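Colleague: Give the three-dimensional model of this entry:
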Amino acid sequence: NACRTLSSHAGWKEAEAITGASVIETNSLRRRWAGRVAWSTLAVTIALMILGEYFTRVTGIGPDGTTLENLLITLAFLSFPAMGALIASRRPGNAIGWLLLAIGAGAGLLVASMGYTSYGMVANEGGAPGATLTAWFEAWLWFPLIVTIPTFLPLLFPTGTLPSRRWRPVAWLAAAVLATAALPSMVEGRLVGDGYNIRNPIGIATLGDTEESLFATLGPILLLTIALCMASIVFRYRRGSTQERQQLKWVALAVFALLVQVLLEEAFQLRIPDVIFPLALIGLPVSMAVAVLRYRLYEIDRIISRTLSYAL
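Modeller: Predicted structure coming up:
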C-alpha cells in the first residue's frame, strides 16, 4: 500500500509538471502572436500617418499651424498605438492595450482618408480611385475616436475589464451612443467636405445633414455617459487594492493636466501655447502604459507632489 501510494503521488506530480509546462508554453505562444499582431498594427498605423502627410504635402490642403505643432499632434496620435502595442505584447489579456491600438489605427485611417480625399476630390478634377470610400470614412470615423477616449478607456482601466457586473449597462449605453451617433453619418445622402459634395453610394437619399439635430439630442446623454464612465475610476479607487490605487493615480495625473488646460482656456480665457495640448495628450497613453506594466509604479506620489509644487 505504501509503494502504491508513493507511485500514485509521483505520477500526480509528474502530470502536474507536464500540465504546468504546457500552460507556460501556451502562454508564451500566445504572447508571441499577440506581439506580432500588435507591432504589425503599429507599423500599419505609422504607414497610414505617413501616407496622409504625403497627400497633405501634395495637395497643400491640411490643418493650420506651425510645423512643430503639427508634428506634436501627429506624435500624440501615434503615442496611443505605440503604448497600445507595448501593453498588448506584454499583457495580451488586458483589453487596454488593444483599445489603444484600435484608437491609433482608427486615427491613422482617418488621417490617410482625409489626405487622400483632398487629393482625389479637390486636387484631382477627374477624381481618383477609392476617393469616395475615403470620403465616407472621413464623414463618420472621427466621432468614435473622440468619444472612446473618455468612455471605454476609463471604464476598463487598469485591468481591462469592467469594475463589476453592475457596470455592464454603462458599457452598453456607451456602445449605443457611439453606434447611434456614427450610423446616420454613414448613411446620410451626401458626403460633404472641404471642396467636395458627392452622393453617398450607400446613403439614403432622403436623409440629409442630421448632425446638428442628432447632437442636440445625444449631447446630454453623451455627457451623462462620460460622467458615469469617469465615476468608475472613483469606484475602483475606493474598492481597489494599494497597487490598483497607484495605477489609477498615474492616469488621474494625466487627466488632471488635460482638464487644467481646458479650464484655463475656456473658463479664464487664457492663451495657452498650442504645443501644450499634444504634450498633455501624450501623457494619457504613456501613463496607462506605466500603470498597466507597473514600471516605477510607486513613484507617482513623489511626481504628484513635485507637480503641485512647481504649479504653485
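Colleague: only C-alpha atoms for contact and neighbour calcs from this point on.
Modeller: Noted.
Colleague: Just the CA trace of stretch 281-296, in PDB.
Modeller: Extracted in PDB, the C-alpha atoms of stretch 281-296 (Å, rounded to 0.1, in the frame of the first residue of the first chain):
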ATOM      1  CA  LEU A 281      -2.400  64.300 -24.600                       C
ATOM      2  CA  ILE A 282       0.700  62.100 -25.000                       C
ATOM      3  CA  GLY A 283       0.700  61.800 -21.200                       C
ATOM      4  CA  LEU A 284      -2.500  59.800 -21.200                       C
ATOM      5  CA  PRO A 285      -1.400  56.700 -23.100                       C
ATOM      6  CA  VAL A 286       2.100  56.900 -21.500                       C
ATOM      7  CA  SER A 287       0.600  57.000 -18.000                       C
ATOM      8  CA  MET A 288      -1.600  54.000 -18.900                       C
ATOM      9  CA  ALA A 289       1.400  52.000 -20.100                       C
ATOM     10  CA  VAL A 290       3.300  52.800 -17.000                       C
ATOM     11  CA  ALA A 291       0.400  51.800 -14.800                       C
ATOM     12  CA  VAL A 292      -0.500  48.600 -16.600                       C
ATOM     13  CA  LEU A 293       3.100  47.400 -16.900                       C
ATOM     14  CA  ARG A 294       3.800  48.600 -13.300                       C
ATOM     15  CA  TYR A 295       7.000  50.300 -14.300                       C
ATOM     16  CA  ARG A 296       8.100  52.600 -11.500                       C
END
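Colleague: Now it: buried residues?
Modeller: Within stretch 281-296, the residues scored as buried using 16 or more other Cα atoms under 10 Å are 281-293.
Colleague: Can you redo those residues as TSV, where the extra columns are secondary structure and distance to Ala175?
Modeller: Formatted as TSV, these follow (DSSP: H, G, I helix; E, B strand; the rest coil; distance: Cα to Cα, whole Å):
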residue	secondary structure	distance to Ala175
Leu281	helix	23
Ile282	helix	25
Gly283	helix	25
Leu284	helix	22
Pro285	helix	21
Val286	helix	25
Ser287	helix	25
Met288	helix	22
Ala289	helix	24
Val290	helix	27
Ala291	helix	25
Val292	helix	24
Leu293	helix	27
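Colleague: which other residues reach stretch 303-312?
Modeller: Stretch 303-312 is contacted from outside by Leu253, using Cα atoms under 8 Å, 6 or more residues apart in numbering.
Colleague: tell me the mean pLDDT for it?
Modeller: Across stretch 303-312, the average pLDDT comes to 72.
Colleague: ok so, going back, which of the buried residues of stretch 281-296 lies closest to Leu71?
Modeller: Distance ranking of those against Leu71, using Cα to Cα, places Ile282 first at 12.4 Å.
Colleague: Quickly name whichever of the buried residues of stretch 281-296 is closest to Arg32.
Modeller: Proximity to Arg32 was ranked across the buried residues of stretch 281-296 by Cα to Cα; first place goes to Leu293, at 17.0 Å.
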